[in-house]
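Enquirer: Structural data only, the sequence is not supplied:
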């Protein structure tokens, strides 16, 4: 009998970002069907057999903040979350409207229209904390004093599996110069709150390309946009959006580590042998390999 080096994940999150849903379903920039892109991602996730404990949507859920866009999004996402048995975790981005998101996606009419959309979720022994880095009327991000104080209070008591922090604007260096105009500002203030806490990973979006870094000693994982992505090798430099390379991320939280995997949402041609899951299980059993408890 051979025991694997790591156990199965305690919690699995499916991280989707930058959906840019339009209220009337019209193409984004006249070229990209962002609703179809989301449907494709959700369909592939369901068909894969992956059963995430939560769907994490990290901002820019609507392109223009329209109530109809959030109603459309809710109609697409809620049934999938129910079938998967997954909790829905939502962050607000610079394209979102706080009041419309709260009312038409979350069904919450109890909060003031301008109040930041923040939340805490307990998923087994994991805590997921959502900050609102949006600044109404701006595309750059910030986390105000009230949210920082609230975050410090939430993190004052650690939880068994630690905390995942979710926000739209990544606390990370940008590798695209133009993105300097829309980065998260005063990041050092957030770092002061996070140092020494039980935060094990930070999930974000905003920049429309996959990237990884560290912030206050914590891994930062930025998922690619679902509506469109940035071409990091655009001829001559600068920025160029593209209808390709869209992906969601699968975040596996283990007691000892957090694994972040990029999952493209367009299927490609099979290479080599296609091994279905039952055959994978049979071969592992034949080899005497079992997961560490």
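Expert: Okay, I see it. What you are looking at is a predicted structure, and each value in this text was computed from that prediction instead of being measured. Numbers count the residues shown, from 1 in each chain.

Enquirer: Can you classify residue 42 as helix, strand or coil?
Expert: helix (DSSP: H, G, I helix; E, B strand; the rest coil).

Enquirer: dump the residue contacts of it.
Expert: Counting by CB atoms under 8 Å, 6 or more residues apart in numbering, residue 42 touches 76, 77, 80. All C-beta spots, glycine's among them, are computed from the backbone N, C-alpha and C.

Enquirer: if I pick the second one, what's in contact with it?
Expert: Residue 77 makes contact with 38, 42, 55, 57, 88, according to CB under 8 Å, 6+ apart.

Enquirer: can we see that at 7 Å?
Expert: 55, 88 (CB atoms under 7 Å, 6 or more residues apart in numbering).

Enquirer: cool, and the first one?
Expert: If you count contacts by CB under 7 Å, 6+ apart, residue 76 has them with 38, 39, 42.

Enquirer: now do 10 Å
Expert: Applying CB atoms under 10 Å, 6 or more residues apart in numbering to residue 76 gives the contacts 19, 21, 35, 38, 39, 42.

Enquirer: ok, the closest residue in space to residue 61 that isn't next to it in sequence to residue 129 distance?
Expert: The shortest distance from residue 61 to any non-neighbouring residue, by CB to CB, 6 or more residues apart in numbering, is to residue 19 (5.1 Å). Separation of residue 19 from residue 129 (CB to CB, to the nearest Å) stands at 21 Å.

Enquirer: Who has more neighbours out of these two?
Expert: Between residue 19 and residue 129, counting by other CB atoms under 10 Å, residue 19 is the more crowded of the two (28 against 20).

Enquirer: Now the more buried one. Its backbone dihedrals?
Expert: The phi/psi pair for residue 19 (degrees, to the nearest 10) reads phi -80, psi -40.

Enquirer: How about residue 214?
Expert: Dihedral pair for residue 214: phi -130, psi 150, per degrees, to the nearest 10.

Enquirer: For it, give me the pLDDT.
Expert: Listed pLDDT for residue 214 reads 98.

Enquirer: pull the longest helix from the protein.
Expert: helix 67-84 (DSSP state H).

Enquirer: Within the sheet, what are the partner strands of the helix or strand following that helix, with directions?
Expert: As assigned by DSSP states H and E, the chain's next helix or strand after helix 67-84 is strand 87-91. Strand 87-91 has its sheet partners listed here by DSSP bridges as strand 54-58 (parallel).

Enquirer: How far away from the center of its chain is the partner strand?
Expert: In terms of CA atoms, centre = their mean, to the nearest Å, the gap separating the centre of strand 54-58 from the centre of its chain is 5 Å.

Enquirer: what's the angle from it to helix 67-84?
Expert: Strand 54-58 and helix 67-84 are oriented at 160 degrees to each other (axes from the mean of the first three to the mean of the last three CA atoms, to 10 degrees).

Enquirer: Residue 259: how many residues sit nearby?
Expert: Neighbours of residue 259 using other CB under 10 Å come to 14.

Enquirer: Count the neighbours of the spatially closest residue to it that is not a sequence neighbour for me.
Expert: Of all residues not flanking residue 259 in the chain, residue 252 sits nearest, at 4.2 Å (CB to CB, 6+ apart). By the measure other CB under 10 Å, the count of residues near residue 252 is 17.

Enquirer: wait, is residue 252 part of a helix?
Expert: No. Going by three-state DSSP, the assignment for residue 252 is strand, not a helix.

Enquirer: Now do it against residue 52, distance only.
Expert: Separation of residue 252 from residue 52 (CB to CB): 10 Å.

Enquirer: shared neighbours of those two, which are they?
Expert: With CB under 10 Å, 6+ apart, residue 252 and residue 52 have common neighbours 9, 11, 12, 13.

Enquirer: any chance of the contacts of residue 42 in a markdown table, plus distance to residue 182 and pLDDT?
Expert: As requested, those are exported to a markdown table (distance: CB to CB, whole Å; pLDDT from 0 to 100):
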| residue | distance to residue 182 | pLDDT |
| --- | --- | --- |
| 76 | 27 | 97 |
| 77 | 25 | 98 |
| 80 | 30 | 98 |
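
Enquirer: What is the nearest of the residues you listed to residue 186?
Expert: residue 77 (32.0 Å; CB to CB).

Enquirer: thinking again about what came up before, just confirm the residue nearest to residue 259 contacts residue 221, I think it does.
Expert: No. With contact defined as CB atoms under 10 Å, residue 252 does not reach residue 221; the gap is 11.6 Å.

Enquirer: Thank you kindly, that will do.
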